[in-house]
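In: how would this look folded up:
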Amino acid sequence: MIDPTPADPVPALPKPLAFPGRDRVGAPLPASLTTFVGREREVLEVAARLRRSNVRLVTLTGPGGVGKTRLSLKVAEELAVEFADGVAFIDLTSVTEPDKVAPTVAQAFDVREADDRSVADRLVDALRDRRLLLVFDNFEPVVAAAPLVARLLSSCPRMKVLVTSREPLHLAAEWVVGVGPLMLPDSDRSVDDLLESEAVRLFVERAQAVRFDFALTDATARSVTGIVHRVEGLPLAIELAAARLAHLPPAALLQRLEHRLPLLTGGARDLPDRQRTLRGTIAWSYDLLPPEEQWVFRRLAVFVGGCTLEAAECIANTHEDLGGDALDVLGSLVSKSLLRQEEDHDAGPRFTMLETVREYGLEQLAESGDEQITRDQHAAYFLELAERADPAIWGGPDHARWLDRLETEFANLRAALAWFEKTGDGAAFLRLAAALGGLWHYRSHRVEGRAWLNRALVIGGDTVPLARAMACIKLGMLERVLGGSHPADLVMQGLALRRQMGDQRGIGRALMNLGNVLKDQTDYDRAISVLEEAVPILEQVSDIGGLATTRMYLGMAALEQGDMVRAETLLTDALALHHQDGFTYGVASTLLALGRIEAHHGDVGGAAARFTESLRLWAQVKSQEGVVDAMTATAELAVTCGRLDSAARLLGAASAIGEALGYVAPQRDRERRECAAKEARSALGEQPYAVAWDAGHMLSASQAAAEATDVLGLMRVRTVPATGTPADTTGLTPREQDVLRLLVEGRSDRDIAQALGISYRTVTSYVRNILAKFDATSRTAVAAEAVRRGLV
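Out: Numbers count the residues shown, from 1 in each chain. Presented below is the predicted three-dimensional model:
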């Protein structure tokens, strides 16, 4: 029950500071589609406890179906304005393993996995300074993960946590609030008095949703009172019972409850009384279903976190009596409150079950003897879905849509992987782990993906050469980003298998991926050789997407080697092919590289335009790594234009986002970033640079992207700041003026680099820009013209 001890009479908390430079973080509260009935006292009391300075963790305990989730949401809504960084809702319904809690929380905050630090470490870093209310729902299946909550509380002093669970977490900081049934009425009350009962009000409101003409009258009052008493005021039981008024009058409904209740409360003695009653209510509802609806209901319980209409039909339409049309049965189950229907913008209707209802369905499935065949069908469906999605993820216009679809089904995909592993179906396990390579890679689930792929390669062996080839290549791609020691060896294993199968498209794609790995390892000669081998193969099989990406990688390699003419030719060709293929990810990547070439030639406006579009497209396909790359390139460009404060802020923002993602940029990109940072720090001074960098580090991803867009907009219309110096008449940036002065003195590029504290490659880039701006072909000509104009 609710702890009756009143809250300490402590002063009200001051209004939280507004943080205009930070977005509210985490997963938003789910919208309630029905009104919240009753619980006024509980809402006030729980909110008061969380307002206390000495209360950091409150756990709402009670049986399934008692309304813990709705109560927690109402409390969170009441307190939301008091937390500067908002409220984050973490639904653990689909999480069955304690070690998956941290990744689930991290996903809600876009804190991605990394190879060298745990997800928990990165999560703590991301939330350390946040004034945040974190709500965990359905914690009881993963109560062993309670130490994660303790660590968050100890490391994040401005955070408070609200938990719903059937049992306490048993942590030192925990305040347990028992949530009991809704208030029940006396049986001899008037209609008006009865409506003061929370249980009656809930029943009447839900009854009117299925029968608009239903009203609590003298004629129905006794039956309604009897019904809410029979179900002991449990909200879920009340809602399920009220849904039956679509088919039964209150008196008949009460009679059925009288006949069933003694049996339904006679479950296992080691279960809590209220759980036995809830189980009975669900069983009663289940028993009212015709046999074909029972059959569909228990099979749908196999889905974790819900399913689309397509997936539900795949399972349900195997029943011979449904005639291949399960939609009516699904609609009936929705109307009887055993299923809930939501709308998915891309995938259409989505059906979910309350977790307590799903648990009952799984019990019935096991008792029916159909569990294995149903789980086989479930896993087979998601294997087919993943293999259908895989080609579209690596190219074409539907890249982001398919990734979103797989993200939505992540819990089901994990369940399918676990089932294949448990049953020893190595071939299917290997196929599914490989087909999810795009999800692992593009949505930064690389550490988890690496673990699945490694196990699948062991269990799957050589049973399916094609799947093994795909798994090796995709594992190599993950290892490339995670800093693995032998990513190229893995890709070469996959390439060898592709060659054995004579799969020309697969050979071309494998060569493409191998070339990318070698390029990022700065082994440019081998990378170019491998990529050039891929080109005619991909041309032969008319793989436009593969050809576009291969030419892009060749252009990037040429760019890193300083061959700007070849790089621009290859990248321009790649951009046209990516547009033809409709691959937004490839377009964004190529634009970024082309922008670097224009920056190298001193075309600041052109580079800014390229970076702007690249940044927009990265955000469109939800690639945070891409956003980091575009932001870093913008910072580098800002340094060359003398916009040093902006550059420092953007470098700080890119660092924060990259750290949260666990993103390790390629070596050359890291070198460029470090060079830009060093130059900005040198020009601004240590303290001003640190202040600007820290300010950028505090920005949210959306705020940082908006700032980068603004900076790029300024650079598109004005290539240098208005300083009133002679550089304004020549188009030279302040740093280029520094280089010019030393160049006129006859210094070599290496001497200039040492004198200015920047890299040799950066100096050579500046010298090329100066030559272009003076329209000169030699250093001597530049020096003479600079002296003639009186610039030095």
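In: OK, contacts around residue 430?
Out: 456, 457, 459, 460, 463, 464, 467, 468, 471 (C-beta atoms under 8 Å, 6 or more residues apart in numbering). For the C-beta atoms, the positions are set from N, CA and C on the backbone; glycine is no exception.
In: for residue 225, which non-adjacent residue is spatially closest?
Out: Of all residues not flanking residue 225 in the chain, residue 187 sits nearest, at 5.2 Å (C-beta to C-beta, 6 or more residues apart in numbering).
In: quick check: the one you found is in a strand.
Out: No: counting by DSSP: H, G, I helix; E, B strand; the rest coil, residue 187 falls outside a strand, being coil.
In: just list whatever residues bridge to residue 164.
Out: Taking DSSP bridges, one finds residue 60 as the beta-bridge partners of residue 164.
In: from residue 150, how far off is it?
Out: Distance of residue 164 to residue 150, computed by C-beta to C-beta, to the nearest Å: 17 Å.
In: which of these two has more neighbours?
Out: Between residue 164 and residue 150, counted using other C-beta atoms under 10 Å, the more crowded position is residue 164 (25 against 17).
In: which ones are touching that one?
Out: 59, 60, 68, 69, 71, 72, 135, 136, 137, 138, 139.
In: can you verify my assumption that the second one contacts residue 73?
Out: No: between residue 60 and residue 73 there is no contact under C-beta atoms under 8 Å: 10.9 Å.
In: which one of those two has more residues nearby?
Out: Taking neighbours as other C-beta under 10 Å, residue 60 and residue 73 compare with residue 60 leading, 26 against 21.
In: can you pull the pLDDT of residue 111?
Out: As predicted, residue 111 sits at a pLDDT of 83.
In: just say helix, strand or coil for it.
Out: What three-state DSSP gives for residue 111 is coil.
In: check whether it really touches residue 124, as I assumed.
Out: No: between residue 111 and residue 124 there is no contact under C-beta under 8 Å: 9.5 Å.
In: looking at these two now, which is surrounded by more residues?
Out: The neighbour comparison of residue 111 against residue 124 (other C-beta under 10 Å) goes to residue 111, with 26 against 18.
In: what sits against the more buried one?
Out: Counted by C-beta under 8 Å, 6+ apart, residue 111 has contacts 105, 119, 122, 123, 126, 660, 661.
In: just the ones in helices from those residues, please.
Out: Members of the contacts of residue 111 lying in helices (criterion: DSSP state H): 105, 119, 122, 123, 126, 660, 661.
In: ok, the fifth one touching residue 657?
Out: No: in this structure, residue 126 is not within contact of residue 657 by C-beta under 8 Å, at 10.1 Å.
In: which of the two has more neighbours?
Out: residue 657 (23 against 20).
In: where does the stretch 601-750 of the chain dip in pLDDT?
Out: Within the stretch 601-750 of the chain, the ranges that satisfy pLDDT under 70 run 717-731.
In: hmm, try it at 80
Out: 661-664, 717-736, 744-746 (pLDDT under 80).
In: what does the stretch 451-600 of the chain give?
Out: For the stretch 451-600 of the chain (pLDDT under 80), the answer is 483.
In: redo that, cut-off 90
Out: 462-463, 480-485, 600 (pLDDT under 90).
In: quick check, nearest of the ones in helices among the contacts of residue 111 to residue 360?
Out: The closest of the ones in helices among the contacts of residue 111 to residue 360 turns out to be residue 105 (C-beta to C-beta; 28.0 Å).
In: for that closest one, give me the pLDDT.
Out: 90.
In: and what about the closest residue to it other than its chain neighbours, helix, strand or coil?
Out: Of all residues not flanking residue 105 in the chain, residue 90 sits nearest, at 5.5 Å (C-beta to C-beta, 6+ apart). Of the three states, residue 90 takes strand under three-state DSSP.
In: pretty sure residue 90 contacts residue 133?
Out: No: between residue 90 and residue 133 there is no contact under C-beta under 8 Å: 11.3 Å.
In: can you pull the contacts of residue 375?
Out: Residue 375 makes contact with 302, 419 under the criterion C-beta under 8 Å, 6+ apart.
In: which SS class is it?
Out: Strictly by three-state DSSP, residue 375 counts as helix.
In: go on, residue 176?
Out: Assignment for residue 176 (three-state DSSP): strand.
In: how far away is it from residue 62?
Out: 10 Å.
In: before we move on, back to that, in strands only, show me the contacts of residue 430.
Out: Per DSSP state E, strands hold no members of these.
In: do a quick rundown of the strands in the stretch 451-600 of the chain.
Out: Ranges of strands within the stretch 451-600 of the chain: none, based on DSSP state E, counting those that start in this stretch.
In: how about the chain?
Out: Using DSSP E, strands in the chain cover 57-61, 87-91, 132-137, 159-165, 174-178, 307-308, 340-344, 348-352.
In: quick check: which of those is nearest to residue 413?
Out: strand 307-308 (11.9 Å).
In: mind checking how far the closest one is from the chain centre?
Out: The chain centre lies 19 Å from the centre of strand 307-308; the measure is C-alpha atoms, centre = their mean, to the nearest Å.
In: skip the chain neighbours and tell me the closest residue to residue 522.
Out: Here the nearest residue to residue 522 in space, its sequence neighbours aside, is residue 667; by C-beta to C-beta, 6+ apart that works out to 5.7 Å.
In: show me the contacts for the residue positioned nearest the centre of the chain.
Out: With distances taken as C-alpha atoms, centre = their mean, residue 107 lies nearest the centre of the chain, 4.6 Å away. If a contact means C-beta under 8 Å, 6+ apart, then residue 107 has no contacts.
In: how close does it sit to residue 126?
Out: Residue 107 sits 12 Å away from residue 126, going by C-beta to C-beta.
In: touching, the residue nearest to residue 522 and residue 523? I think so.
Out: No: contact criterion C-beta under 8 Å: residue 667 and residue 523 do not qualify, at 10.8 Å.
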